[in-house]
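> Predicted structure and sequence below. I'll ask about it afterward.
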Amino acid sequence: MKLNELITSFSIAMSNEEKEVLDLIEGIQPLESFTEREQFVIEGLIRKSLVSKVHNKGYTLVMANEIK
């Protein structure tokens with residue numbers, strides 16, 4: 001039996017604040033365009049694998065991962 005057959009739905013717990021910040025991320029945006037508090041919350045979302053951080057030409061960019 002495969003794991004996909006055992007787990008029909010998979011969800012990651014998020015606080016209301018994390019959900020609000022995740023909704024703010026549209027496409028690829030510089031991390032510096034967010035407030036200090038939002039950057040702190042985004043770092044938590046990166047640890048939860050809900051947001052990806054990319055370094056490009058000296059800039060730190062963030063983008064929301066696809067959530068189904």
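Right, received. Where do you want to start? Residues are numbered from 1 along each chain as shown.
> how much space between residue 17 and residue 23?
Computed with C-beta to C-beta, to the nearest Å, the distance linking residue 17 and residue 23 is 11 Å. For every residue, glycine as well, the C-beta is placed using N, CA and C.
> quick one: which of these two has more around it?
Taking neighbours as other C-beta atoms under 10 Å, residue 17 and residue 23 compare with residue 17 leading, 13 against 9.
> So the more buried one belongs to a helix, correct?
Yes: counting by DSSP: H, G, I helix; E, B strand; the rest coil, residue 17 falls inside a helix.
> quick one: it and residue 41 touch, right?
Yes: if you go by C-beta atoms under 8 Å, residue 17 and residue 41 touch, sitting 5.9 Å apart.
> Give me the residue at the spatial middle of the chain.
Centroid-nearest residue in the chain, with C-alpha atoms, centre = their mean: residue 51, separated by 2.2 Å.
> how about that one, what does it touch?
22, 25, 42, 45, 62-65 (C-beta atoms under 8 Å, 6 or more residues apart in numbering).
> Among the residues you listed, which one lies nearest to residue 6?
residue 65 (22.9 Å; C-beta to C-beta).
> now the closest one: how far from residue 25?
Counting by C-beta to C-beta - residue 65 and residue 25 are separated by 10 Å.
> can you tell me which residues contact residue 21?
With C-beta under 8 Å, 6+ apart, residue 21 has these contacts: 34, 38, 41-42, 45.
> Just the residues you listed: which are in helices?
38, 41-42, 45 (DSSP state H).
> Present these as TSV; the columns should include distance to residue 6 and pLDDT.
Below are the ones in helices among the contacts of residue 21 laid out as TSV (distance: C-beta to C-beta, whole Å; pLDDT from 0 to 100):
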residue	distance to residue 6	pLDDT
38	36	97
41	32	97
42	32	97
45	27	96
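> Fine by me, thanks again.
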